[in-house]
Structure formats: C-alpha cells, structure tokens
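Asker: need a structure here:
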Amino acid sequence: MVEPIFHTHAVRRLYKPDRRAFEEHLIRLDPATRYDRFGLQVSDEYLRDYAELCFKPGSLVYGYFEDHVIRGAAELRVFQSRTRPPRRDGEAAFSVELPWRRRGIGTEVMGHIVLAARNRRVGELTIFCLRHNRAMLALARKFESDLAFERNEVTGHLIARPPSAISLLREMVDNALDLGTAAMDYQTRLLRSGMAP
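Answerer: Coordinates of the predicted model:
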C-alpha cells in the first residue's frame with residue numbers, strides 16, 4: 001500500500017456515527033495512557049461501554065483526526081452543580097495516543113472544550129488527572145487553571161467567563177462545518193468497509 005504524500009488532520013465534534021471510531025481510539029491507548037486517563041487499569045470491554053456513555057445527552061466529544069483516524073479526543077460532561085444548584089458545572093477529560101503526543105493535540109482539543117463549556121455557561125470546569133501526569137498539568141496551566149492537589153489527584157478549576165456573541169457564533173459555525181465533515185467521514189468509512197450508505 002502506498003503511503004499518502006499529504007497527511008490531513010482536523011479537530012471536530014464527534015456525533016453518534018463516530019462512536020465506533022472513538023471506541024477504537026480508546027482501545028488503542030497503551031496501558032500507561034489508559035491508567036493516566038481513567039486512574040485505574042481498564043479493559044477493552046470497559047472502554048466500549050464508556051464510549052457508548054460519551055454520546056448520551058449532556059456530553060460532548062471532540063476528536064483529533066489524522067488521515068480520517070481519531071488519534072486524540074476531549075470529552076465534556078455538563079451537569080447541575082452539586083454545591084450551587086442553579087449553576088451548571090462540567091468535567092473534562094483528554095486522551096492522546098502515545099505516538100501522537102507532544103504535537104499540540106491536547107491544546108487544540110482543549111480549546112474546543114473550553115469554548116463549549118463557556119457557551120453552556122459552565123461555572124466550574126474540573127479536570128481530574130493523576131499527580132504524575134505532567135503533560136496534563138502543563139496543558140491545564142496553559143488555560144490558566146487554578147490547580148489544587150487532593151490526595152493523588154489534581155483538580156483543575158477553570159475560571160468561568162460568560163459567553164459572548166462571538167464565542168456563540170464561533171461554536172455555531174464550527175458545529176455546522178463539523179456536521180458536514182462528519183457526514184463525509186461517515187461515508188468514507190462505509191466505502192472503505194465495502195458497505196453501501
């Protein structure tokens with residue numbers, strides 16, 4: 001098979017038809033990355049179930065695609081605040097496959113998560129990661145997090161800013177483009193698998 005001369009990459013929101021590609025990304029994570037992401041060793045079966053949950057209401061997933069394959073992802077869960085009920089809070093999590101680390105993928109997907117959280121009026125966005133996960137700590141610091149150590153975990157609380165007309169428009173345009181790209185990606189996957197749409 002001939003390697004493509006040009007490699008394409010993009011970050012976009014994931015939709016239901018992307019669930020399988022997201023699941024495959026999670027399963028490709030090496031044991032150390034899985035541990036850093038979930039805080040324990042997890043099986044492929046656990047990751048399949050987890051991928052299903054990520055497409056339920058209240059969740060958003062963004063994927064970093066390289067040559068139509070997800071190599072990095074960011075997830076956002078939005079829920080009613082437990083401490084301040086009228087407010088909504090969120091949790092974010094990230095994963096990048098080992099060979100794709102140190103390329104700025106985490107920063108790119110984190111930008112989408114921060115924008116989505118802001119536009120959903122998330123009061124506090126929490127990032128949980130293990131204390132030794134330096135890459136995640138460095139990423140959180142890039143987004144001006146206030147980090148507080150708790151036992152073996154680091155909790156990053158992002159400063160909440162209200163949405164603006166520009167931030168709302170930016171996400172709306174991104175989502176429209178993402179939906180079109182997702183439809184093309186889905187058709188490409190069907191054609192590659194030999195199935196008719």
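
Asker: Count the neighbours of residue 113 for me.
Answerer: Residues within reach of residue 113, counting by other C-beta atoms under 10 Å, total 24. For every residue, glycine as well, the C-beta is placed using N, CA and C.

Asker: Sort out which residues of the strand or helix carrying it are buried, please.
Answerer: Assignment of secondary structure by DSSP states H and E places residue 113 within helix 105-119. Counting neighbours by 16 or more other C-beta atoms under 10 Å, one finds that the buried residues in helix 105-119 are 105-106, 108-110, 112-119.

Asker: With stretch 12-21 instead?
Answerer: For stretch 12-21, using 16+ other C-beta under 10 Å, the buried residues are 12-15, 18-19, 21.

Asker: And for stretch 22-38?
Answerer: Along stretch 22-38, the positions that meet the burial threshold by neighbour count (16+ other C-beta under 10 Å) are 22-23, 25-26, 28-29, 33-34, 36-38.

Asker: Give me the most central residue, the chain.
Answerer: Nearest to the mean C-alpha position of the chain, by C-alpha atoms, centre = their mean, lies residue 74 at 0.9 Å.

Asker: that's a strand at it, yeah?
Answerer: Yes: when classified by DSSP: H, G, I helix; E, B strand; the rest coil, residue 74 is found to be part of a strand.

Asker: Pretty sure residue 180 sits in a helix.
Answerer: Yes: under three-state DSSP, residue 180 sits within a helix.

Asker: Against residue 15, how distant is it?
Answerer: As defined by C-beta to C-beta, to the nearest Å, residue 180 lies at a distance of 11 Å from residue 15.

Asker: and after the host helix or strand of residue 127, which helix or strand comes next?
Answerer: Secondary structure here is read from DSSP H and E; on that basis residue 127 sits in strand 122-130. Using DSSP H and E, the helix or strand that directly follows strand 122-130 along the chain is helix 134-142.

Asker: For that next one, give the mean pLDDT please.
Answerer: Mean pLDDT, taken over the full extent of helix 134-142, equals 72.

Asker: cool, and stretch 166-177?
Answerer: Confidence over stretch 166-177 (mean pLDDT, whole number) is 79.

Asker: And for stretch 79-94?
Answerer: Average pLDDT, stretch 79-94: 83.

Asker: what comes up buried for that stretch?
Answerer: Within stretch 79-94, the residues that count as buried by 16+ other C-beta under 10 Å are 88-94.

Asker: Nearest spatial neighbour of the residue nearest to the centre of the chain, chain-adjacent residues omitted?
Answerer: residue 109 (3.7 Å; C-beta to C-beta, 6 or more residues apart in numbering).

Asker: I'd guessed that neighbour sits against residue 73; true?
Answerer: Yes: applying C-beta atoms under 8 Å, one finds residue 109 in contact with residue 73, separated by 6.7 Å.

Asker: Return every residue with contacts to both of these two.
Answerer: By C-beta atoms under 8 Å, 6 or more residues apart in numbering, residue 109 and residue 73 have these common neighbours: 62-64, 94.

Asker: what sits against residue 93?
Answerer: When contacts are counted by C-beta under 8 Å, 6+ apart, residue 93 is found next to 37, 74-75, 127-128.
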